[in-house]
Every structure is written in structure tokens, then in C-alpha cells.
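next input, structure requested:
(one chain, ligands or ions: 1)
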Amino acid sequence: MPDTPVPPVILGDEPGSFPYGVLAERHPAIIRQVRDALPYGPDERRALDALLKNCTEGVIEPLPDGAHDRDRWRTWGLDTYTGRSWFEVPWLWSESYFYRQLLEATGYFAAGPWQGIDPFRPSKLAELAAPETDAELAALDGLAELAADEQAEALLHGSLWGNRADLGFRLSDPGGPAAGTTPALVADAGAALWSLLPPDGTGTLCLVADNAGRELVPDLLLVARLLEEGRVERAVLHIKPYPYYVSDATTADVLDAVRRLTEAPGAAAGYGRRVRDALTDGRIRLRAHPFACAPLGYAEMPAELYREFGAADLTVFKGDLNYRRLVGDRRWPPTTPFAEVTAYFPGPVAALRTLKSDVVTGLDAATRDALDADEGQRWRTSGRHAMIQVKG
Ligand SMILES: O=P(O)(O)OC[C@H]1O[C@](O)(CO)[C@@H](O)[C@@H]1O
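Numbers count the residues shown, from 1 in each chain. Coordinates of the predicted model:
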């Protein structure tokens, strides 16, 4: 049992709060973006307009009869929340169901012309094609001159800060450097993370990926490097079975990222080829479990995932949403030990995340006080701070 009293789950019902803003403003903005991005026909447009009205003014509606995942959503709480306001149910649940309903509106799951078409793909591709991505890939050319440990460290930080590249987040936050005197990295268990990998290089790393594009590319670079260096023997990349939270990575996004690498000039192409080879020979395995899009925390993960994570030498959770699901979507006192809230996890686990929601654990009191003094509560959601945390 945790020593810290467990706070209630976060809801989106408080006007002016961050979660309320996501439901009231960001979700409508996402629907408009999707409407503009692809030439959906009248039926899809009508359904998107209906969802726009429903998600701000209406109540949660059931999935249609015959939806392939209706029973799954019922076990995830759909019957309990049907008929309730989107704002009054757990925020994580509300957000996840919003993306499920958005895909319903675009015809993603139904047999028909829009089946399997990712409504977010245009923005994901634009990000991959952006000059910023070229610059990040060009930086790999200089990496080989560094010592092995420095290379690994640089790639770990690339993967960490890649989490700022979140397309949904950018709809409402233009970004900028960290303010005040507190460091950008507010918890750094990087050294402890490396020490969890077996020294003989026989380990299995699970990486629970977050966003596609400029986050997934550095994630793949990191994995490629660890394999090449013999720090791990194999890696399992957990991705999403369908588009989610705008930019979350699916199999198609992995393929786009690998192509982006292999077609790049310089050292990047070599990394791309190594990722491709490792996918082909099974040293990198893709895993797209339905629970990756569940509206629940990992404390409620199904038995097969529990076993898989338990068998890994290290599982790395990327990003803010995975963090919320790992520690529980609650307003923990920020000094709550990370090891305490992840004690249920069946093996060594690390979180690499920029701070984009109210959920935070594992800060020391001095850092929390400095952040509060510099920024009020804004540091929790601005994405300008990051953390590396581990439980061995
Ligand atoms: O891409 P990330 O790092 O998981 O962040 C997604 C984030 O989007 C939000 O849910 C808001 O939509 C954040 O609070 C959140 O956790």
C-alpha cells in the first residue's frame, strides 16, 4: 500500500483548469483540424459536426451496435459513463473516448472508403518533412565523434525532449524556453536508468512509445544505438493499434519514420537501415496491444501485458499520457515517491516525459518550491520541463 493517501482521479469539470480547457477548447480545435485536413464527404462531415456539438454540450453516447470494440469499451467503463457529461467523468476516460468517437465519425473502423485512413496523417507527415527534422537528423553526423557513453546520453536526451513534439499540444501551446532559474530537467535519474540494463548486453528493453514523427525518430535512434552497441539484445516497441491523441505512433508511423531515416543524407540513413534490419530479424518487435488505447491506468493492465513487462529487463514509458497512465491520473503531491506509485509495476520501469499535465511525482521539495516560485502552477503543463525517473 502506498504511504501517500491516494488523491481522487482528475476530472475535467472545473472551468479554468487545464483538463477543462482540453475538453472545452482543444477537442473542438482537433475536430476542426481534422475537417480541414482531409476531403471527407458529407456523411463524415456531418458526423464530425455532431461530435463537435456533442463533446462540448452533450453527454457520452454508446458506440453503435456492431462496433468491433463495443464489448471492450463496456469492460472499460462505457456503461457506467454513458449519459454523463464529458466533463464529469475521469478526464483520462473522457479524452480517450473522444479519440474513439472521432475515428467513428471519420469512418476509420467501418468497411468503406475511409477505413484505416488516419485523420492525423497529414499533420504527422508535415512534421516529418519539416526542416527542423532535417536539422535534427544532420546532428547525428557529429555524434560518432563522441565517446560511447556520451552518444547514448545524447540519444536518451533526444528521445526525452522529442516528447515536446506533440501535435495536439501545439494546438494550444506555442512553446518556448523554460522560465526562471529552475533547470529544464527537474528530475534526472539517467544514470540509474542505464544501470538497470544487464551489463552482459543480453537484456530486453520495452519502449512504450508516445508520439510519431519528431518523437518516434529519436526513440528509434536510441533503440538502434543500444542494439548496435550491444547494450540490449532485443527491444519491443509498444505502439498504438489506431490513431490516438492526435500524434500517437502507429505501425504506419513507424514505417514513415524508418523511411525518413533511410532516405536522409549522412549518418541518419545508417540508423534507418539498422532499424529496418532489426525489425526484419526480430531484434525490434512491434506490439500494438488494444490496452495501449485504453482509458485506464497501467495498474489495471491485462495479465498478458503484466507478464510481458515483468519479463523485460527495463520498460521505458515515453511521454505525458503514458506517464499519467503509469502513475495514475491523479493530482499527487509532487514529492510523492515515483517508486511508491509504480510499486505495482511488474519489473524495472523508467519514465521519460516532458511535463504537459497536472500529474507529477518524484520531485524533491526544493525543486517543487523553486518551480512554484518561478512559474506558479504553469510548470506542470507548459512542456518546458522534463523528467527522467526510474523504479528498479
Ligand atoms: O503526447 P504526450 O506527451 O503523451 O502528451 C499528450 C498530452 O495531451 C494531453 O492529454 C492533453 O490533451 C496532455 O495532458 C497529455 O497528457
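
interface residues of the stretch 251-392 of the chain facing the ligand?
Residues of the stretch 251-392 of the chain lying near the ligand by C-beta under 6 Å from any ligand atom: G319, D320, L321, R324, K356, S357. (C-beta placed from N, C-alpha, C; glycine too.)

can those go into a markdown table with extra columns for pLDDT?
Formatted as a markdown table, these follow (pLDDT from 0 to 100):
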| residue | pLDDT |
| --- | --- |
| G319 | 98 |
| D320 | 98 |
| L321 | 98 |
| R324 | 98 |
| K356 | 96 |
| S357 | 96 |
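
quick check: G362 vs the ligand, distance?
Going from G362 to the ligand by C-beta to the nearest ligand atom, to the nearest Å gives 17 Å.

pretty sure A184 sits against R384.
Yes - at 6.6 Å, A184 counts as touching R384 under the criterion of C-beta atoms under 8 Å.

of those two, who's got more company?
R384 (21 against 11; other C-beta atoms under 10 Å).

which pLDDT value goes with that one?
We have a pLDDT of 93 for R384.

repeat that for T4.
81.

and P333, by the same measure?
Listed pLDDT for P333 reads 97.

for this protein, give me the ranges with low pLDDT.
Applying pLDDT under 70 to the chain picks out residues 1-2, 166-180.

from the ligand, how far off is the residue in it sticking out farthest from the centre?
In the chain, P42 marks the outermost C-alpha relative to the chain mean, sitting 32.0 Å out by C-alpha atoms, centre = their mean. Computed as C-beta to the nearest ligand atom, the P42 to the ligand distance reads 29 Å.

could you do T202 as well?
Applying C-beta to the nearest ligand atom to T202 and the ligand gives a distance of 31 Å.

and which of the residues of the stretch 251-392 of the chain next to the ligand is nearest to Y245?
L321 (5.8 Å; C-beta to C-beta).

excluding its backbone neighbours, what's nearest the closest one?
In this structure, L321 finds its nearest non-sequential neighbour in Y245, 5.8 Å apart by C-beta to C-beta, 6 or more residues apart in numbering.

report how many residues lie close to the one you found.
Neighbour number of Y245 under other C-beta under 10 Å is 22.

repeat that for D219.
Applying other C-beta under 10 Å, we find 31 other residues in the vicinity of D219.

shouldn't it be within a strand?
No - going by DSSP: H, G, I helix; E, B strand; the rest coil, the assignment for D219 is helix, not a strand.

wouldn't it be in contact with N211 here?
No - here D219 does not reach N211: they are 9.0 Å apart, not a contact under C-beta under 8 Å.

mind listing the shared neighbours of the two?
G162, K318 (C-beta atoms under 8 Å, 6 or more residues apart in numbering).

so T204 bridges to which residues?
Note on T204: beta-bridge partners by DSSP bridges are R234.

mind listing what it touches?
Neighbours of T204 in contact, by C-beta under 8 Å, 6+ apart: V232, E233, R234, A235, V236, A311, A312, D313.

and if we set it to 7 Å?
V232, E233, R234, V236, A312, D313 (C-beta atoms under 7 Å, 6 or more residues apart in numbering).

repeat that for T342.
Residues near T342 by C-beta under 7 Å, 6+ apart: L326, V327, V349, K391.

next: Y97.
I60, P295.

measure it to L185 for me?
Here the criterion is C-beta to C-beta, to the nearest Å. By it, Y97 lies 33 Å from L185.

how deep is the residue of the stretch 1-150 of the chain found nearest the ligand tucked in, by neighbour count?
Residue nearest to the ligand within the stretch 1-150 of the chain (C-beta to the nearest ligand atom): V22, separated by 4.6 Å. For V22, the count of nearby residues is 23 (other C-beta under 10 Å).

need phi/psi at it.
The phi/psi pair for V22 (degrees, to the nearest 10) reads phi -60, psi -50.

now T56
Phi and psi for T56, reported as degrees, to the nearest 10, are phi -100, psi -30.

for A47, identify the helix or strand it belongs to.
If you go by DSSP states H and E, A47 is part of helix 42-57.

just checking, which of the contacts of T342 belong to helices?
Among the contacts of T342, the ones falling in helices (DSSP state H) are L326, V327.

could you flag which of the contacts of T342 are buried?
Neighbour-count burial (16 or more other C-beta atoms under 10 Å) applied to the contacts of T342 gives L326, V327, V349, K391.

could those be laid out in a markdown table, adding distance to K240?
What follows is the buried ones among the contacts of T342, written out as a markdown table (distance: C-beta to C-beta, whole Å):
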| residue | distance to K240 |
| --- | --- |
| L326 | 16 |
| V327 | 20 |
| V349 | 19 |
| K391 | 24 |
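
would you list every one of the strands in the stretch 251-392 of the chain?
Ranges of strands in the stretch 251-392 of the chain, per DSSP state E, counting those that start in this stretch, are 284-287, 314-318, 349-354, 386-391.

for D69, which of the ones you listed is the nearest?
Proximity to D69 (C-beta to C-beta) singles out strand 284-287 among the strands of the stretch 251-392 of the chain, at 17.8 Å.

which other helices and strands contact the closest one?
strand 234-238 (3 or more C-beta pairs under 7 Å, 6 or more residues apart in numbering; DSSP states H and E).

check whether the strand it packs on contacts the ligand.
No - figure legend: strand 234-238 not in contact with the ligand (C-beta under 6 Å from any ligand atom); closest approach 13.2 Å.
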